[in-house]
Each structure stands twice: as C-alpha cells, then as structure tokens.
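K.L.:
Build me a model from this:
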Amino acid sequence: MIVYKHPECLLKDNGQNHPERKERITSILDSIKKIKEFHVDYKDAPIASTDIVSLVHPKKYIEKIFSNIPTKGLIGVEKEPYADTMLCPNSKNAILRSCGAGIAAADDLMKTNDRIFCAIRPPGHHAETLKAMGFCFINNIAVTARYLQKKYEIKKIAIIDFDVHHGNGTQEIFYKDESVVYGSSHEFPLFPGTGLEEEKGVGNIFNAPLKSGTSGIEFIKIFEQKILNPINKFKPEIILISAGFDAHTRDPLASINLESKDFYEITKNIVDLANTHCHGKVISFLEGGYDLLALSESIKFHLSALKN
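P.N.:
A predicted model of the protein is given here:
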C-alpha cells in the first residue's frame, strides 16, 4: 500500500471556520499511522507539470488561476455569495502537488501494481475544464486518467465517485468520451445541483442520486445496482476512485447516513471489480469529508479494503 502526501498540501489556507482545512489531512495521516495490519509506504507528491495538467485544463486557465494568487490574505475565485473556493499565498504548490500525487501514483501503479491512496488537498472532482469551484481548482483524477491514456495507452478507465456531492467537473470533462466511464453516487438535491440519472453522456455516465437520510444498507444496494453493475459491463483496465467520506452520518455538509464501517464494503466491492477486470489496478483520491472523527475512522476501513 502506497500513500502519497506532502507538507505543502497542509499550507493551503481557506480561512477561519472553512470546512476544507488542513486538519482533514492530519487526521487521516494520524489514523493511517496507527494501522498495524499491513505496511504503508509513504511518498511525497511531486509538483505536476503544466504540460500534463493541460491534458485536461488549457494552459491559459491554469495561468489565470495562479496569476490571481494573492501575496497575502485570501481571494475567492467565485462571485459572492458563493466565494468559498479560496486562493491563499501558498495555493500554487498545494494545487500542483495534489495533482502530481495522481500522476506519480499512475507511474507506480503501472510498475508495481500496488494499490495507492492520495491523501491530498485541495480536492478536484468539482473542477471543470475551464472553471474552479467547490474547493477545487484542478481535476486531479481527470488529469491522472488522461495521463494514463497518453503515456500508457490505457483504453478503458472507470472513475467511481462515492463523495456525497456530485463530481460535476469529472462528468463535464468526460461527458462525450466513450473511453472513460464515470459513476457517481451523491445526495440530491445538494451542491452542485448536477447528477440526475438522465445525464448519461454517450452512455458512459452513470449517476445514482440519493435522497436525504439514505441509510448505509440502502446506499450499498443502490451503489451496486446503479454504479458497479454498469461498470462491470464496461470491463475497465484501471479504476480510479474519488473517495469522499462526506456521505458519513456525522458529516456537517450533507445528510446521508453511512457509518465508518460502510466504507469497507463500498471499497471492497470496487476492489472486487478491479480484481475481475483490471488485475486489481486501483488508485484512490481524497475528495470530500469534513468531520475529522468520521475521516479518521473511515480511512482505516477504506485502506483495509483497498489492501485486500
């Protein structure tokens, strides 16, 4: 098991009382360090090159984001009253290392077939081709998918997203791309307001909107029917996971009632699919999850299932 991290991901500041804070990462890493059942190899995330990021986001978009980074204080990239995607003086390297983690993980995966978790922030699945939003600037998982396609000529990639918020950015990037299947379970209605079942792309998009109050048992059943079954038919060569832990019952930003242990079964079901079609090839990326206790508990179950 490999875990990618970097101290510069902790320097990204979003201001007082912002839910996307450095403690998310520290609570996860502290929890991982207590795992005794298997060895974890820690690696520092490199800085992603603009050339690789531009496989998804045009260079002008990237340059515009970085040109807006303040020398002090915070700047929101969205219009008020929705300005909660913040730039601070330490944003650039945090953004590029979050993306670089996935790129390095892809190289590791192709060389060693180890399972990999990217403990990084800022997250990425809300970032569209030309739009930063939802705490996200670069779509880390999408860049990794494009990198795998370009460098390793991977023909069929599945992205599975169990964050409680729909990954509008990932869907937008691959909406007309038959080589990438995107499956998302998410509370609806909830930010960002996308992710209806009718949004099907070119038959490669599978959305499972969930009602507020959905239980773990209900979630797992819907996840299997609406997400895993169609991806099983797709037979991917690699599976990438947008691992948000905000469908946890403790999370302050949503109302789905997963318990920490439920993330074991959810992850194991994905791993079983990977073992069937991909020789077990899986990379997982941290997305959301804003209750620290839920994060510290859930990550142990997630990694334990990834390891199996």
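
K.L.:
buried stuff in the strand or helix carrying residue 171?
P.N.:
Secondary structure here is read from DSSP states H and E; on that basis residue 171 sits in helix 168-174. Along helix 168-174, the positions that meet the burial threshold by neighbour count (16 or more other C-beta atoms under 10 Å) are 168, 169, 170, 171, 172, 173, 174. All C-beta atoms are positioned from the backbone trio N, CA, C, and that covers glycine.

K.L.:
got the phi/psi numbers for the nearest residue to residue 235 once chain neighbours are set aside?
P.N.:
The spatially closest residue to residue 235, leaving aside those adjacent along the chain, is residue 277, at 4.8 Å (C-beta to C-beta, 6 or more residues apart in numbering). With angles defined as degrees, to the nearest 10, residue 277 shows backbone torsions of phi -110, psi -20.

K.L.:
Alpha carbons of the helix or strand harbouring residue 217, in PDB - could you do that?
P.N.:
Using DSSP H and E, residue 217 maps to helix 216-223. As requested, the backbone C-alpha atoms of helix 216-223 are provided in PDB (Å, rounded to 0.1, in the frame of the first residue of the first chain):
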ATOM      1  CA  GLY A 216     -25.900   2.500   4.700                       C
ATOM      2  CA  ILE A 217     -27.800  -0.600   3.600                       C
ATOM      3  CA  GLU A 218     -29.800   1.400   1.100                       C
ATOM      4  CA  PHE A 219     -26.700   3.100  -0.200                       C
ATOM      5  CA  ILE A 220     -24.700  -0.100  -0.800                       C
ATOM      6  CA  LYS A 221     -27.600  -1.700  -2.600                       C
ATOM      7  CA  ILE A 222     -28.100   1.400  -4.900                       C
ATOM      8  CA  PHE A 223     -24.400   1.700  -5.400                       C
END
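
K.L.:
What is the helix holding residue 171 packed up against?
P.N.:
Under the contact criterion of 3 or more C-beta pairs under 8 Å, 6 or more residues apart in numbering; DSSP states H and E, the helices and strands touching helix 168-174 comprise helix 140-152, strand 157-161, strand 180-187, strand 205-210.

K.L.:
still on that earlier bit, show me what the helix or strand following the helix holding residue 217 is in contact with.
P.N.:
Counting by DSSP H and E, the next helix or strand C-terminal to helix 216-223 is helix 229-234. Applying C-beta atoms under 8 Å, 6 or more residues apart in numbering, the set of residues contacting helix 229-234 from outside is 156, 158, 160, 181, 183, 204, 206, 239, 273, 276, 277.

K.L.:
Which residue is the nearest non-sequential neighbour of residue 251?
P.N.:
Nearest to residue 251 is residue 291, by C-beta to C-beta, 6+ apart, at 5.0 Å.

K.L.:
Kindly provide the distance from that neighbour to residue 160.
P.N.:
Distance from residue 291 to residue 160, counting by C-beta to C-beta, to the nearest Å: 22 Å.

K.L.:
quick one, which of these two is more surrounded?
P.N.:
Neighbour count, other C-beta atoms under 10 Å: between residue 291 and residue 160, residue 160 has more, with 29 against 20.

K.L.:
Distance check, that one against residue 47.
P.N.:
Computed with C-beta to C-beta, the distance linking residue 160 and residue 47 is 27 Å.

K.L.:
again, but for residue 156
P.N.:
Noted for residue 156: a distance of 29 Å to residue 47, by C-beta to C-beta.

K.L.:
Just give me the longest helix of the protein.
P.N.:
Across the chain, the helix with the greatest residue count (assigned by DSSP state H) is helix 91-112.

K.L.:
Flag the shaky bits of the stretch 151-300 of the chain, pLDDT-wise.
P.N.:
Using pLDDT under 70 as the threshold, the predicted model of the stretch 151-300 of the chain has no low-confidence range.

K.L.:
In contact with residue 89, which residues?
P.N.:
The contact partners of residue 89, taken as C-beta under 8 Å, 6+ apart, are 69, 70, 71, 72.
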